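for reference, the sequence and a predicted model appear below.
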Amino acid sequence: MHWLEQHWYRVTPVSLLLWPVSWLYILLLTLRRFAYRFGILTSITLPVTVIVVGNITVGGSGKTPFVIWLARYLRERGLHPGIVLRGYGGSAVDWPHRVTEQHDPDAVGDEAVMLAREGICPVVADPDRVRGAFFLLRELECNIIVSDDGLQHLRLHRDIEIAVIDGERRFGNNFCLPAGPLREPASRLLDIPIRITNGAPLPGELEMRLEATGFLRVNAPDISMPVDSFQGQSVHAVAGIGNPARFFSHLRRLGIRIIEHDFPDHHRFKSGDIEFNDGLPVIMTRKDAVKCDRFADNNAWYLAIEAKPDSRIGDEIWRRIKENQHG
């Protein structure tokens, strides 16, 4: 899959060869959506507001930092949110899991552990998001559900949909899988009322920025350094995320000279992946850090970032929550 991504952001012989397959993918996607629309397949409605945050492309768009911001925003408004996600890459055999900061990311997924370590609200991982959402309601007394990366999971009825868009890569060659990065045709965005762009927004979109706040030591996150600590230095930059180029660019903007080490998204790191035996610091993303903290030495750090959404985003979400409660 990693090699295929090279063909998703331009039109190449490989993407053209796969283009007919993408039309079959679109046909199956359309039939499934119609099955839900006409009651052949059934969506499950929860007794509380469900907010789905996702994207229509494969790869990183800044969705997880936004989910963290959203959970904090809902808490500040007096609600008791819970986050449900599928636990991508998790090897656990029994579900659902109430994820804690001690959980093994290989069992429940790296993003689930990263979200749980924020400590904002309960996090439940379950490939069956409906079951996971009911667990949040019944066992953890949440009164609003945030489904992380659930736009295509139609079995869980949603009251509010939010799409996060990569403002740099956008939709690549505009082909659907496997010829391009789109999980759904770009026209799907017309049905999504809140569209947030990580980067420069187009008309109809609202902007979100990702702001670096400092560096935290991978094996001891209570130890931190200011965001300018590595300015002018050479470091090993390690990334096993959907869009490593964005992370590498962010480090360069901080004035850091980087040696790039690019791994596939959700890569299961082992100690040799971050050992370079030259004394240079190693810097990675927070998502990668949760998989490396067991074997990282004192010279490994992760870049802490925060989502800074346009203020209108919170206002629009709150307006729709109130409308749903009174509906």
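Structure received. Worth saying up front: this structure is predicted, and the values here are computed from it rather than measured.

switch to C-alpha atoms for all contacts and neighbour counts from now on
Fine.

where exactly do the strands run in this protein?
Using DSSP state E, the strands of the chain run over 49-54, 81-85, 97-98, 123-125, 144-148, 160-166, 194-198, 206-217, 220-225, 234-239, 257-262, 282-284, 300-309.

and the fourth one, what other elements does it pack with?
In terms of contact count using 3 or more Cα pairs under 8 Å, 6 or more residues apart in numbering; DSSP states H and E, strand 123-125 is assigned the packing partners strand 81-85, strand 97-98, helix 110-118, helix 129-140.

just the mean pLDDT for it, thanks.
Mean pLDDT, strand 123-125: 98.

circling back to that earlier point, can I get the strands of the chain in TSV including mean neighbour count and distance to Leu136?
Listed next are these as TSV, based on neighbours: other Cα atoms under 10 Å; distance: least, Cα to Cα, whole Å:
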stretch	mean neighbour count	distance to Leu136
strand 49-54	23	12
strand 81-85	28	6
strand 97-98	20	9
strand 123-125	28	7
strand 144-148	24	8
strand 160-166	23	18
strand 194-198	24	24
strand 206-217	19	28
strand 220-225	13	28
strand 234-239	22	32
strand 257-262	16	36
strand 282-284	26	31
strand 300-309	20	25
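
quick one: closest of the helices and strands packed on strand 123-125 to Asp265.
Across the helices and strands packed on strand 123-125, Asp265 has its closest neighbour in helix 110-118 (10.4 Å, Cα to Cα).

columns distance to Gln325 on top of the strands of the chain, output as CSV?
Output for these, formatted as CSV (distance: least, Cα to Cα, whole Å):
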stretch, distance to Gln325
strand 49-54, 7
strand 81-85, 15
strand 97-98, 27
strand 123-125, 23
strand 144-148, 11
strand 160-166, 12
strand 194-198, 18
strand 206-217, 24
strand 220-225, 39
strand 234-239, 41
strand 257-262, 45
strand 282-284, 41
strand 300-309, 24
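
out of these, flag the one nearest Phe38.
Among those, the nearest to Phe38 by Cα to Cα is strand 160-166 (20.0 Å).

among the helices and strands packed on strand 123-125, which is nearest Ile196?
Closest to Ile196 of the helices and strands packed on strand 123-125, according to Cα to Cα: strand 81-85, at 19.1 Å.

run through the neighbouring helices and strands of the closest one.
helix 63-76, strand 123-125, helix 129-140, strand 144-148.

could you dump the ones you listed to CSV with distance to Leu303?
Shown next, in CSV, are the helices and strands packed on strand 81-85 (distance: least, Cα to Cα, whole Å):
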stretch, distance to Leu303
helix 63-76, 12
strand 123-125, 22
helix 129-140, 30
strand 144-148, 22
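
buried deepest among those, which one?
Each of these was scored by mean neighbour count; the highest is strand 123-125, a mean of 28, by mean count of other Cα atoms under 10 Å.

parallel or antiparallel, which strands does that one pair with?
strand 81-85 (parallel), strand 97-98 (antiparallel) (DSSP bridges).

and of these, who's closest to Arg33?
strand 81-85 (20.6 Å).

for His267, which of the strands paired with strand 123-125 is the nearest?
strand 81-85 (18.2 Å).
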